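> what follows is a predicted structure for the sequence shown.
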Amino acid sequence: MRVLVVGGGIGGLALGAGLRRRGWEVSVFDRDADVTATGGYHITLDERAQSALRELVPRDIMQRLLASGSALRLREPDALWDRRGRLLGQGPDLSDSSSVDVDRVTLRTLLAEAVGDDLHLGRTVSGVDHDDDGAPRVLFTDAAPVPADLVVGADGAHSVVARHLAGGRTNRPAGIIGFSGRTLVRDLSPGEQQRLGPRSGLAIGPRGAALYIGFLDPVGKPALDAPDLRMSVTTEPTYIWGAMLPESTVTDSLRRLRGGALQARLLSRFRERGWAARSLEVMARADPHSVASYRFNAASTRAADLAPWPVGRITALGDAVHATPPTAGMGAGAAIRDAACLAENLSAVADGTTTPTEAVTRFEAGVRRRGSEMLTLAMRTVRLILATDTTLGAAATAVTTPVLAAAARLRY
């Protein structure tokens with residue numbers, strides 16, 4: 001049985017690695033010519049995602065990943081701030097957490113190594129269809145079609161494969177534009193280093209402005225203390241932040257900017273919304289070359305709406321099915337779990353204990369459940385942020401945050 005995977009992101013590479021490990025004939029195609037040419041800066045893998053990954057990649061790959069990851073159990077509890085930088089509350093104790101933060105580039109590089117020669121870079125897929133015998137095949141912009149027994153779309157929120165299956169888009173804009181960047185902890189003032197601390201957090205202000213600050217330190221707080229195995233892109237304590245603004249003509253104009261120009265305009269927009277200088281220091285002192293923008297896309301939160309196509313020999317996983325805003329921090333982990341689920345069900349086909357149709361049916365049912373769970377969590381935060389972008393929401397945010405800050409001072 002030959003499987004073709006369209007898309008070499010986290011989910012596609014994880015599936016390719018898992019099928020290769022099981023001895024399947026698999027090919028993964030991606031338009032990037034370099035596996036390090038990827039957006040995003042870090043992702044969180046919870047225990048479910050790590051367990052799935054252990055089923056897909058060799059043990060040495062998993063060990064190198066953990067040695068290159070930052071352990072949440074070594075961090076302080078997450079924080080919630082207002083736009084003035086005042087603490088509003090803290091998250092739960094993380095000392096028992098098994099979750100790991102890792103650079104997206106690092107994870108993609110390790111997964112590409114696990115896929116090996118079955119990864120084909122610089123290949124742009126233009127579509128999918130069926131040949132005269134009804135077998136699925138992948139079409140390319142500059143090469144002949146390649147036939148398969150099963151085609152899997154792992155090509156993200158703008159998936160060519162999922163669009164073919166669904167007859168249209170499988171997600172829509174969520175109403176928020178995101179902006180991201182990297183800031184070394186040592187580049188911040190001592191006061192701001194102390195306020196932010198070795199933890200992640202979220203700051204929310206009126207009019208839909210929010211700022212997530214993620215803490216990453218694979219060297220000082222590794223998930224596995226094995227320096228000889230470490231290959232993380234991040235080599236010292238770093239804040240990887242994501243700013244959020246409601247989608248509008250103004251934010252659309254920001255998306256056309258790059259680097260320092262984007263950074264300056266973004267800071268200006270937050271200042272106009274009354275954000276304090278210290279709250280914006282992490283953004284102001286970022287590496288300008290790291291600053292980028294992207295649109296939040298979201299599929300339906302209803303499981304029944306996901307993968308809305310008849311079961312066949314073409315399917316999809318990850319963001320191609322359940323595109324999710326980054327506000328849940330679970331997108332890559334869900335794609336890995338999707339990949340493990342499909343690999344397990346296809347193994348049952350090889351064992352003769354199920355048919356290909358039954359395997360895909362069970363796989364897609366799992367994708368729907370996972371996608372609905374993850375999207376529900378992510379959209380709660382999106383709706384909270386967008387709720388502040390109303391007259392009532394803005395007023396409520398401005399009035400309640402000083403009260404919450406006062407209560408937090410007494411509590412902590």
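That came through fine.
> for the rest of this, base every contact and every neighbour count on C-alpha atoms.
Will do.
> which residue ranges of the stretch 201-350 of the chain form strands?
Ranges of strands within the stretch 201-350 of the chain are 201-204, 210-216, 238-246, 292-298, 314-316, based on DSSP state E, counting those that start in this stretch.
> which elements pack onto the longest one?
Applying 3 or more Cα pairs under 8 Å, 6 or more residues apart in numbering; DSSP states H and E, one finds that strand 238-246 makes contact with strand 172-184, strand 210-216, helix 277-284.
> what's downstream of the first one, the next helix or strand?
What that stands for is strand 172-184. Scanning the chain past strand 172-184 towards its C-terminal end, the next helix or strand to appear is helix 190-196 (assignment: DSSP states H and E).
> for R75, which of the helices and strands packed on strand 238-246 is the nearest?
Judged by Cα to Cα, the one of the helices and strands packed on strand 238-246 that comes nearest to R75 is strand 210-216, at 8.5 Å.
> chain center to the closest one: distance?
On the basis of Cα atoms, centre = their mean, to the nearest Å, strand 210-216 is displaced by 14 Å from the centre of the chain it belongs to.
> with stretch 118-135 instead?
Taking the mean of its C-alpha atoms, stretch 118-135 sits 25 Å from the chain's own mean (Cα atoms, centre = their mean).
> circling back to that earlier point, got JSON lines for the strands of the stretch 201-350 of the chain, with distance to T170, mean pLDDT and mean neighbour count too?
As requested, these are arranged in JSON lines below (distance: least, Cα to Cα, whole Å; pLDDT from 0 to 100; neighbours: other Cα atoms under 10 Å):
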{"stretch": "strand 201-204", "distance to T170": "29", "mean pLDDT": "95", "mean neighbour count": "21"}
{"stretch": "strand 210-216", "distance to T170": "26", "mean pLDDT": "96", "mean neighbour count": "25"}
{"stretch": "strand 238-246", "distance to T170": "21", "mean pLDDT": "96", "mean neighbour count": "24"}
{"stretch": "strand 292-298", "distance to T170": "9", "mean pLDDT": "95", "mean neighbour count": "20"}
{"stretch": "strand 314-316", "distance to T170": "11", "mean pLDDT": "98", "mean neighbour count": "27"}
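> of all those, which one is nearest A14?
strand 314-316 (13.4 Å).
> counting contacts, what elements does that closest one pack onto?
The contact analysis (3+ Cα pairs under 8 Å, 6+ apart) places strand 314-316 against strand 150-153, helix 160-166.
> 7 Å - rerun?
For strand 314-316, the contact count by 3 or more Cα pairs under 7 Å, 6 or more residues apart in numbering; DSSP states H and E identifies strand 150-153 as packing neighbours.
> note down every partner strand of the strand it packs on and its orientation.
Applying DSSP bridges, strand 150-153 is found paired with strand 2-6 (parallel), strand 314-316 (parallel).
> just give me the neighbour total for W81.
Look at W81: counted by other Cα atoms under 10 Å, it has 24 neighbours.
> so it is in which element?
W81 is located in strand 79-82, with elements delineated by DSSP H and E.
> what strands flank whichever helix or strand comes after that strand, and is each parallel or antiparallel?
Tracing the chain C-terminally past strand 79-82 and defining elements by DSSP H and E, one meets strand 87-90 next. The strands beside strand 87-90 in its sheet (DSSP bridges) come out as strand 79-82 (antiparallel).
> okay, and L107 sits in which element?
For L107, the element it lies in under DSSP H and E is helix 104-115.
> before we move on, the earlier item: minimum distance to T353: which of the helices and strands packed on strand 238-246 has it?
With Cα to Cα as the criterion, T353 lies closest to strand 172-184 of these, at 38.5 Å.
> that closest one vs strand 210-216, what angle?
Per axes from the mean of the first three to the mean of the last three Cα atoms, to 10 degrees, the angle that strand 172-184 makes with strand 210-216 is 50 degrees.
> strand 172-184 - contacts with which helices or strands?
Contacts defined by 3+ Cα pairs under 7 Å, 6+ apart place strand 172-184 against strand 238-246, strand 292-298.
> pLDDT of that strand, averaged?
Along strand 172-184, the predicted local confidence has a mean pLDDT of 96.
> cool, stretch 121-136 as well?
Taken as a whole, stretch 121-136 carries a mean pLDDT of 94.
> TSV for the strands paired with strand 150-153, including distance to L386?
What follows is the strands paired with strand 150-153, written out as TSV (distance: least, Cα to Cα, whole Å):
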stretch	distance to L386
strand 2-6	34
strand 314-316	30
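> and of those strands, who's closest to A261?
strand 2-6 (34.7 Å).
> follow-up on the earlier one: out of the strands of the stretch 201-350 of the chain, which gets nearest to G91?
Minimum separation from G91 across those (Cα to Cα) falls at strand 201-204, 8.9 Å.
> so where's the chain uncertain?
Residues of the chain meeting the criterion pLDDT under 70: none.
> name the single longest helix found in it.
In the chain, assigned by DSSP state H, the helix with the most residues is helix 356-387.
> got the angle for that helix vs strand 210-216?
Here helix 356-387 points in a direction 120 degrees away from that of strand 210-216 (the same axes, to 10 degrees).
> which parts of helix 356-387 are buried?
For helix 356-387, the buried set under the neighbour-count rule, 16 or more other Cα atoms under 10 Å, comprises 356, 358-361, 363-364, 366-368, 370-372, 374-375, 377-379, 382, 385-387.
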